[in-house]
Structures are given as structure tokens and as C-alpha cells.
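Q: Give the three-dimensional model of this entry:
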Amino acid sequence: MRAKNKKETVVKNRLLLLEDDTNLSETVCEFLESKGYEVLPVYDGEEAEEKMYEGAFDLLLLDVNVPVLNGFELLKKRRNEGDTTPAIFLTSLNAIEDLEHGYASGCDDYLRKPFALKELLFRIESLLRREFFHPQTTHIVIHETMTYDLQTHQLFSDNHPIQLQNKEAKLLKLFLQKKNEIISHETLMSHVWTYEEQGSDEALRTYIKNLRKLIGKEHIVSIKKLGYKFTL
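A: Below you'll find the model as predicted:
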């Protein structure tokens, strides 16, 4: 097993914030970043769509009445393209028809403006916990001496944190979110590398090899010509 290191790799949840009110955008970004999130602000629907194609996000925060492409249309389009990223609408629209439209577009939650920042934080944390389908616990047991903390996204062996490279940590999180599912090479590549980075199959295999050494080869199964499956 790799030697333990006091320095910890922290994988921050990556959020996309679509909000054309620059003051509100700045306020929300500063608050969420102070809580340990990485937030990418965008100001119109077209820019938001471009960023979604360029890289993966853990959660989407979408205003509705924004320039070019409104939030409802944007999310509906992404859902039709197979994007299942959790999404919260942040909007001043408060009619029941708007609420119905929002959920019909594929959102997971709907928060009316003005809202308290703490309430937004609670909604975000609730949705992110749901990604793992373990609402009663804060840890996933990989085997008797190894656990994964859902709140800190940290791997532990005998209650000691294990140092992971950033991309190894991203891979492990994705595997745990989609355990027992076959994950394609393309999905793994797009999740681990951003649009600006140059990933490779060889690098992906290296990171997976490193994870296998840590958590056990039997947990990450190679499915010929399809991808990988994580099992517990």
C-alpha cells in the first residue's frame, strides 16, 4: 500500500452557476467557495452550454431568465442529450406553472429568489449526498479496513487518510457514484480531464492501476471494449 502522507488531496465538488445578475453571482460564488466548493460562474445560457460540453460538473445552479438561452430550455436540451447532472433552478418565477415547467425541464430542485445562502447550501448538500444513494451514512465501506468519506471525499485506511493524486481521487469518486455500472472510457476521460487538458488512454490506465493497488484489483473490473465496472 502506498505510504501515507499528512498532505491531503481534497477533491472539491465542481458547480456551474448560471446567473446574469453579477452582484448575486459574486455573492453566491464567494459563499460557496468559502464552504469548499469550486464554482464556475457564467452569465448567459449559451456560455453555460459551452462549459457543460467542455467539462464535467457535480451540480448545476441555473437561473431561468438569462440571455440567449433560458434555464428551462438549456436544462431540457441537456437532459435530452443524456446529461444527468443534478440541477437546481434559482429563480424569481413563483407561479405554480413555472414550478411545473421547471420540473418538467428536468430539474432536481427549485429555489425561489430571494433565498438564504444557508438554504442554498442545504439544498446543494442534499443533492450531492443523493449521488451516492447512501443517505443514512457519511462513509462508504470498501472493505473492512478502508472507507470513503462522502463529506470530505477522502479515502481512509485504518482511519488514516491516504494521499491520492487529484485525478485518482476524481476517478474513485466517479466509480463510487456509479458502482456496479459499466462506465465507458469516454465518460471516464471527460470526467477526469477538462476540455483544455490532454488526456490519454495510457494515463487513464495508469491511474486505474494505482487505484487497484490501493483498494484491491477485484473492485475495478475491466469490461472488454466497453470500459470499467466498480464493485463492492
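
Q: Output stretch 76-95 as PDB, restricted to C-alpha atoms.
A: Extracted in PDB, the C-alpha atoms of stretch 76-95 (Å, rounded to 0.1, in the frame of the first residue of the first chain):
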ATOM      1  CA  LYS A  76     -34.300  20.400 -21.100                       C
ATOM      2  CA  LYS A  77     -31.800  20.200 -24.000                       C
ATOM      3  CA  ARG A  78     -29.100  18.800 -21.800                       C
ATOM      4  CA  ARG A  79     -31.400  16.200 -20.400                       C
ATOM      5  CA  ASN A  80     -32.400  15.100 -23.900                       C
ATOM      6  CA  GLU A  81     -28.700  14.700 -24.600                       C
ATOM      7  CA  GLY A  82     -28.300  12.300 -21.700                       C
ATOM      8  CA  ASP A  83     -26.800  14.700 -19.100                       C
ATOM      9  CA  THR A  84     -28.000  13.600 -15.600                       C
ATOM     10  CA  THR A  85     -26.000  16.200 -13.600                       C
ATOM     11  CA  PRO A  86     -28.200  17.300 -10.600                       C
ATOM     12  CA  ALA A  87     -29.700  20.700 -11.200                       C
ATOM     13  CA  ILE A  88     -31.300  23.400  -9.000                       C
ATOM     14  CA  PHE A  89     -33.200  26.300 -10.600                       C
ATOM     15  CA  LEU A  90     -32.700  29.700  -8.800                       C
ATOM     16  CA  THR A  91     -35.400  32.000 -10.000                       C
ATOM     17  CA  SER A  92     -37.800  34.800  -9.100                       C
ATOM     18  CA  LEU A  93     -40.600  33.000 -11.000                       C
ATOM     19  CA  ASN A  94     -43.100  31.800  -8.400                       C
ATOM     20  CA  ALA A  95     -46.200  30.700 -10.200                       C
END
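
Q: neighbouring contacts of it?
A: Outside of stretch 76-95, the residues within contact range by C-beta atoms under 8 Å, 6 or more residues apart in numbering are 19, 49, 52, 56-65, 69, 71-72, 75, 98, 102, 104-113, 115, 120, 123-124, 127-128, 130-131. In this view, the C-beta of every residue, glycine as well, is placed from N, C-alpha and C.

Q: Mind checking which of these land in helices?
A: Among the contacts of stretch 76-95, the members found in helices (DSSP state H) are 49, 52, 71-72, 75, 98, 102, 104, 120, 123-124, 127-128, 130.

Q: Please produce a ChimeraX select command covering the buried subset of those residues.
A: Remark: buried members of those, expressed as a ChimeraX selection using 16 or more other C-beta atoms under 10 Å:
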select :49,52,71,72,75,98,102,120,123,124,127,128
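
Q: Export the ones in helices among the contacts of stretch 76-95 to a markdown table and append columns for distance to V28.
A: Converted to a markdown table, the ones in helices among the contacts of stretch 76-95 look like this (distance: C-beta to C-beta, whole Å):
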| residue | distance to V28 |
| --- | --- |
| E49 | 20 |
| M52 | 18 |
| G71 | 15 |
| F72 | 20 |
| L75 | 18 |
| D98 | 20 |
| G102 | 18 |
| A104 | 25 |
| L120 | 7 |
| R123 | 12 |
| I124 | 11 |
| L127 | 16 |
| L128 | 16 |
| R130 | 21 |
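
Q: okay if I get the ones in helices among the contacts of stretch 76-95 as CSV plus pLDDT?
A: Below are these laid out as CSV (pLDDT from 0 to 100):
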residue, pLDDT
E49, 92
M52, 87
G71, 88
F72, 89
L75, 90
D98, 68
G102, 72
A104, 80
L120, 93
R123, 90
I124, 91
L127, 84
L128, 82
R130, 68
